[in-house]
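1. below are the sequence and a predicted model; questions follow.
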Amino acid sequence: MNAHAATARAERTQPVHIGDHLREWRQRRHLSQLDLAGDAEISARHLSFVETGRAAPSREMVLKLAERLEVPLRERNVLLVAAGFAPAFPQRSLDDPALKSARQAIDLVLKAHEPNPALAYDRRWNLVTANRMVAPLLDGIPPHRLGQPINIMRLAFHPEGLALRTVNLAEWSAHLLERLHRQCEATADPELLKLYQELKAYRMPARSGPISADNVAIPFKLRLGNEVLSFISTTMVFGTPVDITLQELALETFFPADDLTAERMRQVAAKLL
């Protein structure tokens with residue numbers, strides 16, 4: 001499904017039957033009724049009846065189908081409500097006592113990653129928290145671009161953000177757009193779809209050529225003063241969440257891609273003591 005088709009479907013305002021929801025998710029995952037029925041251990045005939053509204057699924061069946069379709073927890077609640085059941089998955093604030101251990105884990109990862117930058121963001125790429133090494137990299141960005149919530153994607157693409165300081169903007173922006181596109185395909189979130197179209201509208205430089213065979217990953221090259229810092233990044237998520245907030249949270253950790261960057265980040269950290 002392309003982004004335009006996904007946007008059209010996501011922006012429907014009329015409620016749809018549980019069968020419509022299931023059919024859309026099945027088609028989004030490129031599964032036939034026979035494939036999904038086999039995975040969920042039900043008959044293709046019964047699944048067809050559910051999709052057309054001739055049969056009503058049980059709560060257990062809705063959850064089983066949603067799991068097989070890898071539907072995000074937020075949308076699983078939508079499926080349950082469409083089928084006439086109460087939502088099953090809570091969405092708590094990170095300050096909620098129930099998420100205390102998760103918040104401590106996040107803070108531990110961010111702190112332990114110093115002197116290198118690391119941050120946490122939500123499903124729509126809004127900054128949730130960051131370690132103290134992120135702020136120095138944002139020095140010089142106009143305050144109105146850093147208003148809450150800070151959207152990481154918009155900051156990366158906007159000329160007043162990091163775009164003009166990103167040395168390999170063509171490669172890095174293409175990488176970010178591809179990640180966002182995959183996320184749109186996976187979640188069908190209408191706000192993410194709008195963000196994707198917004199970012200695609202920016203005029204980015206074309207890639208100068210294929211990525212060098214010497215690279216092991218696409219680096220993020222950022223000009224800081226008269227030098228260029230180079231990072232590679234990893235993304236971490238919670239492995240078995242049953243809370244929407246935790247499932248939608250990701251941690252991005254940046255590692256020096258060369259000796260210069262490693263040394264400069266140690267120097268920056270020393271000045272922050």
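-> Structure received. Residues are numbered from 1 along each chain as shown.

2. can you give me the helices in this protein?
-> Listed in chain order, the helices found in the chain under DSSP state H are 3-10, 18-28, 33-40, 44-52, 59-68, 73-82, 100-112, 152-157, 169-187, 190-200, 244-247, 259-272.

3. CSV for the ones you listed, including mean neighbour count and mean pLDDT?
-> For the C-beta atoms, the positions are set from N, CA and C on the backbone; glycine is no exception. Compiled in CSV, the helices of the chain are given as follows (neighbours: other CB atoms under 10 Å; pLDDT from 0 to 100):
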stretch, mean neighbour count, mean pLDDT
helix 3-10, 15, 51
helix 18-28, 20, 96
helix 33-40, 16, 95
helix 44-52, 17, 96
helix 59-68, 18, 97
helix 73-82, 19, 97
helix 100-112, 14, 97
helix 152-157, 20, 97
helix 169-187, 17, 95
helix 190-200, 17, 96
helix 244-247, 20, 97
helix 259-272, 14, 96
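
4. closest one to P136 among these?
-> With respect to P136, and counting by CB to CB, the nearest of the helices of the chain is helix 259-272 at 5.1 Å.

5. tell me, how many neighbours does I218 end up with?
-> In terms of burial, I218 registers 16 neighbours under the definition other CB atoms under 10 Å.

6. picking up where we left off before, out of the helices of the chain, which comes closest to L229?
-> helix 259-272 (4.5 Å).

7. mind listing residues that contact the closest one?
-> Helix 259-272 is contacted from outside by 114-117, 132-133, 136, 224, 227, 229-231, 256, using CB atoms under 8 Å, 6 or more residues apart in numbering.

8. buried subset of the residues you listed as a ChimeraX selection?
-> To isolate the buried subset of these in ChimeraX, counting by 16 or more other CB atoms under 10 Å, use the following:
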select :114,115,116,117,133,224,229,230,231,256
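
9. in TSV: the contacts of helix 259-272, plus distance to R76.
-> Supplementary listing: the contacts of helix 259-272 in TSV, determined by distance: CB to CB, whole Å:
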residue	distance to R76
E114	36
P115	40
N116	36
P117	33
R132	37
M133	36
P136	40
L224	43
E227	47
L229	41
S230	40
F231	35
P256	39
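
10. could I get the helices of the chain as TSV with distance to A206?
-> Putting these into TSV (distance: least, CB to CB, whole Å) gives the following:
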stretch	distance to A206
helix 3-10	20
helix 18-28	30
helix 33-40	39
helix 44-52	43
helix 59-68	40
helix 73-82	36
helix 100-112	35
helix 152-157	15
helix 169-187	6
helix 190-200	14
helix 244-247	36
helix 259-272	26
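
11. closest one to L127 among those helices?
-> With CB to CB, the closest approach to L127 among those belongs to helix 152-157: 5.9 Å.

12. mind splitting the chain into its structural domains?
-> 18-83, 97-205+216-272 (the TED database).

13. circling back to that earlier point, V237 is nearest to which of the helices of the chain?
-> Evaluated over the helices of the chain, closeness to V237 peaks at helix 244-247, with 7.7 Å, by CB to CB.

14. now the closest one - C-alpha only, PDB.
-> Extracted C-alpha coordinates of helix 244-247, given in PDB (Å, rounded to 0.1, in the frame of the first residue of the first chain):
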ATOM      1  CA  ILE A 244       0.800   1.400  24.700                       C
ATOM      2  CA  THR A 245       3.200   4.000  25.900                       C
ATOM      3  CA  LEU A 246       6.000   1.500  26.300                       C
ATOM      4  CA  GLN A 247       5.300  -0.200  22.900                       C
END
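
15. nice, that's everything, thank you.
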